[in-house]
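Asks: Next comes the sequence, and after it the predicted model I'd like to discuss.
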Number of protein chains: 2
Amino acid sequence: MDNKRIVLASYPEAWVTEANFRAETAPVPKPAEGEVLVKNHWLSLDPYMRGRMSQQKSYVKGVEIGEVMTGETAGEVVESKHPGFKPGDKVTAPSGWQLYWSGKGELLTKVDASKVSLSYFLGCLGMPGRTAYFGMKDICAPKPGETVVVSAASGAVGSVVGQLAKAWGCRAVGIAGGKTKCDYVVKELGFDACVDYKAGDLYNQLKVACPKGVDADFENVGGEILDTVLRLMNVRGRVAICGLISDYNTKEPYGVKMFRSILVNRIKVQGMIVFDWLQRYPEANQALLDLVLAGKLKYRESVLQGLENAPKGLIGLLKGENFGKQLVKLT
Amino acid sequence: MDNKRIVLASYPEAWVTEANFRAETAPVPKPAEGEVLVKNHWLSLDPYMRGRMSQQKSYVKGVEIGEVMTGETAGEVVESKHPGFKPGDKVTAPSGWQLYWSGKGELLTKVDASKVSLSYFLGCLGMPGRTAYFGMKDICAPKPGETVVVSAASGAVGSVVGQLAKAWGCRAVGIAGGKTKCDYVVKELGFDACVDYKAGDLYNQLKVACPKGVDADFENVGGEILDTVLRLMNVRGRVAICGLISDYNTKEPYGVKMFRSILVNRIKVQGMIVFDWLQRYPEANQALLDLVLAGKLKYRESVLQGLENAPKGLIGLLKGENFGKQLVKLT
């Protein structure tokens, strides 16, 4: 029985390509005292991974050449030398892109997959869901009746943001690429409107979708989309900067011109990373689970089969080709 | 006895020119019931005036062609039909660029000019001082030992920002144009360092001046200066956007590229306008007066003689040619 894994072969210059990765085979690790061996069923692919494929300063150190790619997985304990875990336990783990992971039990999160799919703990009930929850609750902080805009609206984070906006009595307006995604966001997820940035004239489309202006923006994309939303923001608007996917694959980042709107409208723009709310994860987990079980938080997954397809999956995600939370099924 | 005033003759396209103004003579107004006639001694010139010479959306409506230019003055009551004022009272007034103003007493602020020059109530004890105070207190919110950067450091707002930083136990680093201003900021105002943006390589100069990075930025200039400061900001840094003078005279605003730093460092960027703190003006007035009287808040004025020189004064201010708070002496 071998472990398969994908390591970083080279740093991308702009767009990520498959040549930036290399598949490897290695023995399945043996857990030491206090450690747990996990067999992974699902690998999560997320935009932040692009940032790790770089030597630029970011939240944490980037992935080194030859190191296993960073990533979170959901799986099952197969061997435990930690008193908190036993074989069969379902967990999420910071495994990286590999079939097996062994490490300290403290790094695992046990999850209850009896009511929902195990994969949900990588999405609406995992890091993306918590990101949406805390960014909305603490930064966007919308009041009932306000208008909330979210970019990458059909994605893992964006879809939760808009549904939270609806659950909290706001007007939810999405931005997504293409009619299929926009239709899904409105008809399936229940947003009030969704604007197709690929259809052109984003400003006027958004103006129609937000007749009372924009009070809060949950920004996953940045660049021209952010600049356009800033033009429509109301006095004392809030912008949560959660991601800047439009910049991730360019050599030169986009220059945001609408600081005049930030000044004149006294807008608050705040960068965020979900780890800062670690102490409050249980609050988010419960709130999100309640919404899922009540049928108020719908969620779509885009599943690729097999670890070998993970590079392709990440590349597609960075180009906006995924539709819903991007996962790789490993088993 | 005639009133002299300066009206807006045309909207500037980029840089303001003297042709955008016109001098007029009119009768001195007669105060109606509830009104007060003020003879102005000092006119304040401030960067925000550029924003009013425009039809773009701003805090308030712009000045119309033919209207008296907006501006705050300090002067003396000469006739009062309002129970709260009597001849000889010293006041600040929203007079605009003119020698006499008559209007409702409620629009006036009575000031005590017995301990400091009347002109101070247009500067460190007036709107610019309060702007510095609330932006620092509520947005930059520096803790002792932190590093605070302020652009336009020798100006009316910036000079107060840095001295508040020092009074509150922080490292104060200014950015100003030219050696004379930088020397003044360090030697006279007591900042720890001041960087000359005209000397080039702002990034490395600033890096040397801020060995522990930047915790708070009080931004008066924007553009490349803001982009450079963002590169040096620490985790959970705060940026108060008070002014964007570098954009005021350009047709196309500068595009700020360092959103990556806002994201990665979870920086809070917030636009501000001092009117939002109207209820707390007494708090700022008292704190600033205490510092002035204690010799801890030094202040420099740049005075032009005669209303007819106000256009020239504003043009110089927008080019950074002033040195300290720009005033016009009217009497």
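Replies: Sure thing, it's come through. Residues are numbered from 1 along each chain as shown, chains lettered A, B, ... in the order given.

Asks: Which parts of the stretch 201-331 of chain A are helices?
Replies: Secondary structure of the stretch 201-331 of chain A (DSSP state H, counting those that start in this stretch): helices located at A:202-209, A:223-231, A:259-264, A:281-293, A:310-318.

Asks: mind checking which of those is nearest B:Gly75?
Replies: Checking those against B:Gly75 by Cβ to Cβ gives helix A:259-264 as the closest, at 29.4 Å. (Glycine included, C-beta is placed from N, CA and C.)

Asks: so what's A:Gly237 closest to, chain neighbours aside?
Replies: A:Ile267 (4.6 Å; Cβ to Cβ, 6 or more residues apart in numbering or on different chains).

Asks: swap in A:Phe21?
Replies: Ranked by Cβ to Cβ, 6+ apart and with sequence neighbours excluded, the top spatial neighbour of A:Phe21 is A:Pro311, at 4.3 Å.

Asks: show me the contacts for that neighbour.
Replies: When the contact criterion is Cβ atoms under 8 Å, 6 or more residues apart in numbering or on different chains, the partners of A:Pro311 are A:6, A:16, A:18, A:20-21.

Asks: can you do 7 Å?
Replies: For A:Pro311, the set of contacting residues under the criterion of Cβ atoms under 7 Å, 6 or more residues apart in numbering or on different chains consists of A:6, A:18, A:21.

Asks: ditto for A:Ser114
Replies: When contacts are counted by Cβ under 7 Å, 6+ apart, A:Ser114 is found next to no other residue.

Asks: and chain A, which of its residues are near chain B?
Replies: Residues of chain A lying close to chain B (Cβ under 7 Å from any Cβ of the partner chain) are A:57-59, A:222, A:241, A:244, A:247, A:253-257, A:259-260, A:262-273, A:276.

Asks: Only whichever of these are buried, select them in PyMOL.
Replies: In PyMOL, a selection of the buried entries from the residues of chain A next to chain B looks like this (16 or more other Cβ atoms under 10 Å in any protein chain shown):
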select buried, chain A and resi 58+222+241+244+247+253+254+255+256+257+259+260+262+263+264+265+266+267+268+269+270+271+272+273
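
Asks: Give me the phi and psi angles of the residue of chain A found nearest chain B.
Replies: Taking Cβ to the nearest Cβ as the measure, the point where chain A comes nearest chain B is A:Gly255, at 1.8 Å. As for A:Gly255, its main-chain torsions (degrees, to the nearest 10) stand at phi -90, psi 120.

Asks: separation between the nearest residue in space to it that is not next to it in sequence and A:Val229?
Replies: Among residues not flanking A:Gly255 along the chain, B:Gly255 sits closest, at 1.8 Å (Cβ to Cβ, 6+ apart). Taking Cβ to Cβ, to the nearest Å as the measure, B:Gly255 and A:Val229 are separated by 15 Å.

Asks: same thing with A:Ile245?
Replies: Relative to A:Val229, A:Ile245 is positioned 15 Å away (Cβ to Cβ).

Asks: So for these two, which sits in the more crowded spot?
Replies: A direct count of neighbours by other Cβ atoms under 10 Å in any protein chain shown for A:Ile245 and A:Val229 places A:Val229 higher, at 28 against 23.
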